[in-house]
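Q: Need coordinates for the following:
(one chain, ligands or ions: 1)
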Amino acid sequence: MIQKRIAVFPGSFDPITNAHVDIILRAVSLFDEIHITLALNSSKTPLLSIETRQTMLEEIFKGNRSIRVASYTGLTVNYCKEIGASYILRGLRNAADFDFENAIAQNNRQLEPTIETILLPASPGFGHISSTIVRDILKHQGSIKHLVPKEVLNYM
Ligand code: ADP
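A: Here you go, the predicted model:
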């Protein structure tokens, strides 16, 4: 039997941005399934509750049968093994992201050599977007409609 290519895309998605959506949709052709997973053990204090973020993700990707939404606690590699995923998907904006993601990828590979990390660079015009910037603009009553999917606007 051919093994399904399953990728986990872990993140905070607080909130999900157009750049996250771009990475996910580009990865659809690379994997049989993509599991967008909210990491519950993040050290960041979130703006949006886990339930709200999960609902938003489900709404955005409800038409796409190869995309699932879930949440997990503990190590990402352990979650991957639990669901039979062999790949961790992450995105890159710049050199700072690369340094961070490269270190995580090497540690994950040491923890679990059977799981590969796949890093996709931002598409042109998306590299300046981050959830942090979206939250900052929102805090000062600016418009975020050019940065996030329309489903997100109903919750912010
Ligand atoms: P985390 O809190 O784990 O960093 P995020 O939700 O902030 O989670 O990001 C999830 C992933 O998406 C990370 O790999 C991050 O580098 C990537 N990402 C975020 N914004 C962009 C962007 N504008 N372009 C490409 N990748 C991005």
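
Q: dump the residue contacts of Val28.
A: Listed by Cβ atoms under 8 Å, 6 or more residues apart in numbering, the contact set of Val28 reads Ile34, Asn64, Ser66, Ile67. C-beta: built from backbone N, CA, C; applies to glycine.

Q: between those, which is nearest Gly91?
A: Each of those was checked against Gly91 using Cβ to Cβ; the closest is Ile34, at 12.5 Å.

Q: How is the closest one assigned, secondary-structure-wise?
A: What DSSP: H, G, I helix; E, B strand; the rest coil gives for Ile34 is strand.

Q: what pLDDT does it get?
A: For Ile34, the pLDDT comes out at 98.

Q: now do Asn41
A: 69.

Q: which parts of this protein sit against the ligand?
A: 11-13, 19-20, 23, 42, 90-93, 97, 122, 126-127, 129-131 (Cβ under 6 Å from any ligand atom).

Q: element containing the residue of the chain found nearest the ligand?
A: Closest to the ligand within the chain is Gly91: 2.3 Å, counting by Cβ to the nearest ligand atom. Taking DSSP states H and E as the definition, one finds Gly91 inside strand 87-92.

Q: Remind me what that strand packs against, helices and strands.
A: If contacts are counted by 3 or more Cβ pairs under 8 Å, 6 or more residues apart in numbering; DSSP states H and E, strand 87-92 sits against strand 6-11, helix 18-27, helix 76-83, helix 95-111, strand 116-121.

Q: Export only the CA atoms of the third one, formatted as CSV.
A: Included here for helix 76-83 are C-alpha records, laid out as CSV according to Å, rounded to 0.1, in the frame of the first residue of the first chain:
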residue,chain,number,x,y,z
THR,A,76,5.2,18.4,17.2
VAL,A,77,7.2,15.3,16.2
ASN,A,78,5.1,13.2,18.7
TYR,A,79,1.9,14.6,17.3
CYS,A,80,3.2,13.8,13.7
LYS,A,81,3.9,10.2,14.7
GLU,A,82,0.4,9.9,16.3
ILE,A,83,-1.4,10.8,13.1
